[in-house]
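Visitor: Give me a model of this one.
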Amino acid sequence: MEQRIQKILSHAGVASRRKAETLIEEGKVTVNGKIAKLGDKADPGKNVLAVEGRQVRVQEKLYFALNKPVGYTTTVQDRFERKKVVDLFPANIKVYPVGRLDKIASGLLLMTNDGDFANKVMHPRYEVEKTYLVELERRLMPAEMELLRKGVRLKDGKTWPAKVRELSRARNQYEIIIHEGRHKIVKRMFKAAGTYVRKLIRTQIGPVKLGNLKPGRYRKLSGREIRLLNGDSSVAL
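Guide: Purely as a prediction, here's the structure:
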C-alpha cells in the first residue's frame with residue numbers, strides 16, 4: 001500500500017516526519033534509484049527506499065492482543081527491574097504497549113510497533129471504548145451509579161462520564177465502559193464516587209475482546225480488528 005515517503009521514513013525510525021521532509025527536499029532520499037520529491041508516495045513492500053545511499057529497512061507492522069497478568073508493568077524499561085509486559089514476547093518481536101494497565105490490574109492490552117495505530121486507540125478524540133470488569137469493596141448506591149453515568153469530576157478539572165451496569169450483587173461486580181485511558185482512571189472514578197476497586201480486569205478495547213486468552217498469552221489481531229480500530233467505517237460490525 002502506497003504511503004507518503006516521509007511517513008515511511010518516520011515509521012522506519014529514520015527520522016521524524018518533519019526531518020524526513022527536510023531530507024526529501026535536500027534530495028537525499030531515493031525511490032528505486034530516483035530522487036524523490038516532497039509529496040511522492042511509495043509502497044514500502046515493493047519499492048526500494050534509500051537515504052543518502054543507504055537502503056531503508058521498513059519493519060513489518062505488528063499488532064497483538066495480550067492478556068496482561070497481575071504483577072507486570074506496562075513500561076518498556078523499568079529501573080526497579082520489575083516484570084514488564086514486553087518480557088512476555090520473544091526478543092525478536094519488538095512491540096510496546098498501547099496505553100496502560102496498573103501493575104495490580106490485568107486483562108486486555110494491545111501491543112504494537114505502529115505509532116499511528118497506538119494514537120488512534122489511546123486518544124479520546126477517536127472514542128475507542130474500553131470495557132472493564134471491576135470488583136468493588138461494596139455495592140454501589142443508585143445515586144453513585146447515576147453520578148458515574150453523568151460523569152465524575154476528577155482533580156484535573158474534567159468530568160468523565162461512563163456506562164456502568166451491575167453484574168453481580170453478591171460479589172459487588174460491575175462493568176464500566178469509558179473512552180478515556182488515563183493513568184488509574186477507573187480507580188479514580190470509583191474513588192470519586194465513594195468506593196474502592198479491589199479487582200480490575202480490562203475485557204475489551206473497541207472491537208477486540210479478551211475472550212478465553214490465558215494470562216501471559218497473546219494473539220495477533222485480525223485484519224478486521226485492525227481496520228476497525230483504524231476507523232475504517234466500511235467494515236461491517
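Visitor: In contact with the residue nearest to Val152 when sequence neighbours are not counted: list those residues for me.
Guide: Spatial nearest neighbour of Val152, excluding adjacent residues (Cβ to Cβ, 6 or more residues apart in numbering): Ala192 at 4.1 Å. Using the backbone N, CA and C atoms, a C-beta is placed for each residue, glycine as well. By Cβ atoms under 8 Å, 6 or more residues apart in numbering, Ala192 lies in contact with Val152, Arg153, Leu154.
Visitor: contacting residues for the closest residue to the second one other than its chain neighbours?
Guide: Closest residue in space to Arg153, ignoring its immediate chain neighbours: Thr159 at 4.8 Å, by Cβ to Cβ, 6+ apart. By Cβ under 8 Å, 6+ apart, the contact list for Thr159 reads Lys150, Gly151, Val152, Arg153.
Visitor: thinking again about what came up before, how much space separates the residue nearest to Val152 from Lys158?
Guide: In this view, Ala192 and Lys158 are 12 Å apart by Cβ to Cβ, to the nearest Å.
Visitor: circling back to that earlier point, so the residue nearest to Val152 sits in a helix?
Guide: Yes - according to DSSP: H, G, I helix; E, B strand; the rest coil, Ala192 belongs to a helix.
Visitor: how close does it sit to Arg153?
Guide: Distance from Ala192 to Arg153, by Cβ to Cβ: 7 Å.
Visitor: If you count contacts, what does the biggest strand by length in the chain end up packed against?
Guide: As assigned by DSSP state E, the longest strand anywhere in the chain is strand 197-205. If you count contacts as 3 or more Cβ pairs under 8 Å, 6 or more residues apart in numbering; DSSP states H and E, strand 197-205 packs onto strand 106-112, strand 130-136, helix 185-193.
Visitor: ranking the ones you listed by burial, who's on top?
Guide: The highest average neighbour count among the helices and strands packed on strand 197-205, using mean count of other Cβ atoms under 10 Å, belongs to strand 106-112 at a mean of 23.
Visitor: Distance from it to the middle of the chain?
Guide: Centre-to-centre, strand 106-112 and its host chain are 8 Å apart (Cα atoms, centre = their mean, to the nearest Å).
Visitor: What lies in contact with that strand?
Guide: If you take Cβ under 8 Å, 6+ apart as the criterion, strand 106-112 is touched by 61-70, 74, 85-86, 89, 95-99, 101, 118, 121, 132-133, 200-205, 208-210, 213, 215, 218, 221.
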